[in-house]
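Student: Predicted coordinates and the sequence they were generated for:
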Amino acid sequence: MAPPLGFLSSKYFGLYCLLSIGFTIYLLVVSSPPITFGTLSTADRHPKQHIQYRGPYAIAIFLASKSNERPEDSDNDDGYYVSARTIVYQLLHSPSTKLRNPVPVVILVSQHARESKRQRLRDDGAIVVNVDDVAHNMTITIDRWTDTFTKLRLFDPNVVPYEKVLLMDADIALTHPIDAIFQDSNTDPRETNQTALTEPEREPLPEKYIMAASPESLQRDHSYPFLDPDNLSTRFNSGLLMYSPSTELFQHYLKLLENPDLYYTGGPDQDLLNYAHRWGGPMPWRRLHYSWYLNWPNDNDFKGNMAMLHTKWWDHEFSYSSDSVEKFAFARRWEMEGYWIGKEGYISH
């Protein structure tokens, strides 16, 4: 005989509630779509998909494949790859520059890059994410910028699932630890100004965003600090910036790719990002503190102990930095090599 209702409620009601809650949680977990982290297919995901971030902070780098690479070339003939390895070493291993509170270092690698490079970066401690190219119809005249629009994948939270991300170009050298940049006052989330939308921007934008960067000085002989008190430098350099990955933001960038007449002057991702985050627009950029970074670093920046020096130390023609900056970055490369030779007997080929 079934027990009376009163007996059930008094003796088993608590157990019944716990079982019901547990079963409901089970259904929610089983029915939820998996969070992907790795390769993003050419068919981009739905813009409204909910994303669960894996952590508060990350550092992200994009490494393109070398367009003129030959089968007989050594991996170390690729300056960007060697410089990316040097950054990973400085962030994760160097006694003088490693993060005091480590965060993931994520490297997006374009589809044509060698597997040997991918594996070495994994061995160095980076999270390597393989991505498909971002399609576009723009003419890119500078060979080293051929794959640069694929850099936009960094803004997709399916690929970089972290709340606040520091994007660094591969050709940057550190002078000291950079943990505090995540607490820079201008890297806090800011509300999007929906009233500033123009016609090509009618698709949904994120309610809040982060876009903090450093201005283009366009002066090789600039002083340190470069303050620009009159705000004459309205454009930022896309070699270093803080942002928050967002599906809406990523889809917005892809939409802008279809309207290059709005912004394109030949500098692929930088032109697009500066338009999307222009002053007076819906998501204006804010300035990082001057001590973090400036493109075209010179002796004044170096002596001032600026944290990050942007230099192609392996190619003086396109370095745009002073000799002392190049020598400093070049020495960090050999410091990295020495570390791995000492640690595991690794010898470059």
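Tutor: That came in fine, so what should we check first? Fair warning: this is a prediction, and the values are worked out from it, not measured in the lab.
Student: Check which helix or strand D123 maps to.
Tutor: For D123, the host element (DSSP states H and E) is helix 115-124.
Student: What are the buried residues along that helix?
Tutor: 117-118, 120-121, 124 (16 or more other CB atoms under 10 Å). Any C-beta I mention is one placed from the backbone N, CA and C, and that applies to glycine too.
Student: just checking, what packs against that helix?
Tutor: Counting contacts by 3 or more CB pairs under 8 Å, 6 or more residues apart in numbering; DSSP states H and E, helix 115-124 is packed against helix 79-92, strand 105-110, strand 127-131.
Student: Compute the inter-axis angle for the first one and helix 115-124.
Tutor: Our comparison of helix 79-92 with helix 115-124, counting by axes from the mean of the first three to the mean of the last three CA atoms, to 10 degrees, yields an angle of 10 degrees.
Student: Now do helix 79-92: distance to the chain's middle.
Tutor: 14 Å (CA atoms, centre = their mean, to the nearest Å).
Student: Tell me the helices and strands packed up against that helix.
Tutor: strand 55-63, strand 105-110, helix 115-124, strand 172-174, helix 323-344.
Student: Can you list the buried residues in that helix?
Tutor: For helix 79-92, burial by neighbour count (16+ other CB under 10 Å) applies to 79-92.
Student: Switch those residues over to TSV; also include distance to Y209 and pLDDT.
Tutor: Shown next, in TSV, are the buried residues of helix 79-92 (distance: CB to CB, whole Å; pLDDT from 0 to 100):
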residue	distance to Y209	pLDDT
G79	33	93
Y80	28	93
Y81	31	96
V82	34	97
S83	29	97
A84	27	97
R85	31	98
T86	31	98
I87	25	98
V88	28	98
Y89	32	98
Q90	29	98
L91	25	98
L92	28	98
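Student: Pick out the most distant pair among those residues.
Tutor: For the buried residues of helix 79-92, with distances taken as CB to CB, the pair at the greatest spread is G79 and L92 (20.5 Å).
Student: Where does pLDDT dip in this protein?
Tutor: Confidence mapping of the chain against pLDDT under 70 gives the ranges 1-51, 67-68, 136-147, 199-202, 266, 346-349.
Student: can you give me the strands in it?
Tutor: With strands called from DSSP state E, the chain shows them at 55-63, 105-110, 127-131, 162-168, 172-174, 190-191, 208-209, 211-215, 236-243, 286-287, 293-294, 308-310.
Student: export those strands to TSV and tack on distance to Y224 and mean neighbour count?
Tutor: Formatted as TSV, those follow (distance: least, CB to CB, whole Å; neighbours: other CB atoms under 10 Å):
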stretch	distance to Y224	mean neighbour count
strand 55-63	24	21
strand 105-110	28	23
strand 127-131	34	19
strand 162-168	20	22
strand 172-174	16	23
strand 190-191	28	14
strand 208-209	30	18
strand 211-215	13	23
strand 236-243	16	23
strand 286-287	15	18
strand 293-294	8	26
strand 308-310	12	25
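Student: and the ones you listed as a markdown table, adding distance to Y320?
Tutor: Below are those laid out as a markdown table (distance: least, CB to CB, whole Å):
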| stretch | distance to Y320 |
| --- | --- |
| strand 55-63 | 19 |
| strand 105-110 | 24 |
| strand 127-131 | 28 |
| strand 162-168 | 17 |
| strand 172-174 | 13 |
| strand 190-191 | 31 |
| strand 208-209 | 30 |
| strand 211-215 | 15 |
| strand 236-243 | 11 |
| strand 286-287 | 21 |
| strand 293-294 | 11 |
| strand 308-310 | 8 |
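Student: and of these, who's closest to S96?
Tutor: Using CB to CB, the strands of the chain put strand 172-174 closest to S96, at 8.6 Å.
Student: what packs against that closest one?
Tutor: Packing partners of strand 172-174 (3+ CB pairs under 8 Å, 6+ apart): helix 79-92, strand 308-310, helix 323-344.
Student: quick one: the first one to strand 162-168, angle?
Tutor: Helix 79-92 and strand 162-168 meet at an angle of 130 degrees, taking the same axes, to 10 degrees as the criterion.
Student: give the contact list for N305.
Tutor: N305 sits next to 175-176, 291 when contact means CB atoms under 8 Å, 6 or more residues apart in numbering.
Student: From N186, how far out is it?
Tutor: From N305 over to N186 the distance is 20 Å, taken as CB to CB, to the nearest Å.
Student: T86 too?
Tutor: The gap separating T86 from N186 is 27 Å, by CB to CB.
Student: repeat for E216
Tutor: Going from E216 to N186 by CB to CB gives 17 Å.
Student: Have a look at those two and say which one is more surrounded.
Tutor: Between E216 and N186, counting by other CB atoms under 10 Å, E216 is the more crowded of the two (19 against 15).
Student: show me what contacts that one?
Tutor: Counted by CB under 8 Å, 6+ apart, E216 has contacts 233, 235-237, 295.
Student: how about a cut-off of 10 Å?
Tutor: By CB atoms under 10 Å, 6 or more residues apart in numbering, the contact set of E216 is 228, 233-239, 270, 274, 294-296.
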